[in-house]
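Asks: What follows is a predicted structure for the sequence shown.
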Amino acid sequence: MSFPTIRARRTRQSDVWRRMVRETRLSPDALIYPLFVVPGEGVRHPVSSMPGIAQLSVDEAVKEAKAAAESGVPAVLVFAAPEHKDARASAALDPHGLAARAITAIKSACPRLSVWADVCLCGATDHGHCGHVLPDGAIDNDASIQTLAQVALNYARAGADAVAPSDMMDGRVQAIRRVLDRDGYSMTPIVSYAAKYASSFYGPFREAAESAPAFGDRRSYQMDPANAREALREVLLDVEEGADLVMVKPAGPYLDIIRQVRDAVRVPVVAYQVSGEYSLIKAAAERGWIDERAAVLETLTGIQRAGADLIITYFAPEVARGLRA
Ligand SMILES: [Zn+2]
């Protein structure tokens, strides 16, 4: 049977039909909101390349987290840009460091909000790389994962509901799981940035997180945008090491990866709609070139349709409010 007996338009001829046969439904429950924490008090420093996003001192981050929770967003992802940076990433290891204080403060102000902690060294190292650097400039993978595990433990102790290693070192999920389990945090999930690409779309974030590397680039640990099989290998390795959720980052240019990962694993898949994806939409909308609200919903729906169970996005509170309205 074919046309004219078959007419695909029958089930999209009215709003009620379109509502009923819709395959992908965005919900605030799927959204996670990133927060950038900086030192000081009463600080709300706008990130110029990300209109609507600011670097926040701990007290302001608490306010922002509360507002996100009220909008219906279930989780925030905390990034910190501490003042003190050194080769050992001491600030990330400090139980009274910026990230730990932010996690504790947000958790105590919003006990029902899930507080995820980004675990990496780049925000706290003077060279801005995600791992320790050897004298010849190479990354010391195996020393880095020991430090990352201690950072994750520090954040779990501070009250984080999940730790999210974003460094892309080999073996870090296993190292973190061991340390968390040994120290009484066997119930703290690991959200692994499993397929994190060396992407040009991180540009605006680096302004916000003050984490641009001082020399070289991150291509020896983040993935080549050309590779898909390697992403599946990375993801499967992380699941084997004990990742509870796996992430693909960025989201929009990697929808095929999200789909392949969704089909390959049985754990929840998270996609990160990164700063550049956010800024592109904001910039075009500011010029009146696209309808911001429609574009945001379309990108998030596309990411979910591709297979993401959860989406980290700077649009989270705004979208959650819109979905509930
Ligand atoms: Zn990093």
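Replies: Structure's in. What do you need? Numbers count the residues shown, from 1 in each chain.
Asks: got the residues of the chain near the ion?
Replies: Applying CB under 5 Å from the ion, we find that the chain lies next to the ion at 120, 122, 130. (Glycine included, C-beta is placed from N, CA and C.)
Asks: with those in mind, which one is nearest to Met50?
Replies: Met50 lies nearest to Cys122 out of these, by CB to CB, at 18.1 Å.
Asks: about what we covered before: most neighbours, which of the residues of the chain next to the ion?
Replies: Tallying neighbours with other CB atoms under 10 Å puts Cys120 at the head of the residues of the chain next to the ion, with 28 neighbours.
Asks: who touches it in this structure?
Replies: Contact analysis of Cys120 by CB atoms under 8 Å, 6 or more residues apart in numbering lists 92, 130, 148, 151, 165-167, 211.
Asks: Tell me which of these fall in helices.
Replies: Using DSSP state H, 92, 148, 151 are the members of the contacts of Cys120 that sit in helices.
Asks: which one is the last one nearest to, not counting chain neighbours?
Replies: Counting by CB to CB, 6 or more residues apart in numbering, the nearest residue to Val151 once its immediate chain neighbours are dropped is Ala92, at 4.6 Å.
Asks: now the residues of the chain next to the ion in a markdown table, with pLDDT?
Replies: Shown next, in a markdown table, are these (pLDDT from 0 to 100):
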| residue | pLDDT |
| --- | --- |
| Cys120 | 97 |
| Cys122 | 94 |
| Cys130 | 95 |
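Asks: separation between His127 and the ion?
Replies: Using CB to the ion, to the nearest Å, His127 is found at 11 Å from the ion.
Asks: residues near that residue, how many?
Replies: Using other CB under 10 Å, His127 has 17 neighbouring residues.
Asks: what's the answer for the one 5 residues further on, then?
Replies: Residues lying near His132 (other CB under 10 Å) number 23.
Asks: Distance of Asp94 relative to the ion?
Replies: 17 Å.
Asks: pLDDT wise, what is that residue at?
Replies: Asp94 is assigned 97 on the pLDDT scale.
Asks: Any chance of CSV for the ones in helices among the contacts of Cys120, columns neighbour count?
Replies: What follows is these, written out as CSV (neighbours: other CB atoms under 10 Å):
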residue, neighbour count
Ala92, 29
Leu148, 29
Val151, 29
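Asks: Dump the residues you listed to TSV, plus distance to Arg25.
Replies: Below are the ones in helices among the contacts of Cys120 laid out as TSV (distance: CB to CB, whole Å):
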residue	distance to Arg25
Ala92	38
Leu148	36
Val151	36
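Asks: ok, those residues vs Arg219, which is closest?
Replies: Nearest to Arg219 among these is Leu148, at 19.3 Å by CB to CB.
Asks: mind listing what that closest one touches?
Replies: 119-121, 131, 165, 167, 169, 172, 175-176.
Asks: Let's see that with 10 Å instead.
Replies: 89, 92, 119-121, 130-132, 163, 165-167, 169, 171-173, 175-176, 179 (CB atoms under 10 Å, 6 or more residues apart in numbering).
Asks: Repeat that for Glu286.
Replies: Each residue near Glu286 by CB under 10 Å, 6+ apart is listed here: 51, 292.
Asks: where's it relative to the ion, distance?
Replies: Between Glu286 and the ion the computed distance is 29 Å (CB to the ion).
Asks: what does Ala65 give?
Replies: Using CB to the ion, one obtains 22 Å as the distance from Ala65 to the ion.
Asks: Secondary structure element for that residue, which one?
Replies: In the assignment (DSSP states H and E), Ala65 maps to helix 58-71.
Asks: just to revisit the earlier point, need the residues of the chain next to the ion in CSV with distance to Ala295, can you?
Replies: Formatted as CSV, those follow (distance: CB to CB, whole Å):
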residue, distance to Ala295
Cys120, 30
Cys122, 30
Cys130, 31
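Asks: In strands, which of those fall?
Replies: Residues of those located in strands (DSSP state E): none.
Asks: ok, the closest residue to Asp309 other than its chain neighbours - how many residues close by?
Replies: Leaving aside its chain neighbours, Asp309 sits nearest to Pro268 (4.3 Å; criterion: CB to CB, 6+ apart). Neighbour count for Pro268, taken as other CB under 10 Å: 16.
Asks: same deal with the one 3 residues further on?
Replies: Neighbouring residues of Ala271 were enumerated by other CB under 10 Å; the total is 30.
Asks: Which stretches in the stretch 1-150 of the chain count as helices?
Replies: Along the stretch 1-150 of the chain, counting by DSSP state H, counting those that start in this stretch, helices occupy 15-21, 58-71, 90-93, 98-109, 141-158.
Asks: per-residue confidence averaged over stretch 51-62?
Replies: Across stretch 51-62, the average pLDDT comes to 97.
Asks: So what's the gap between that stretch and the chain middle?
Replies: How far stretch 51-62 lies from its chain's middle: 17 Å, per CA atoms, centre = their mean, to the nearest Å.
Asks: swap in stretch 244-255?
Replies: In terms of CA atoms, centre = their mean, the centre of stretch 244-255 is found 9 Å from the chain centre.
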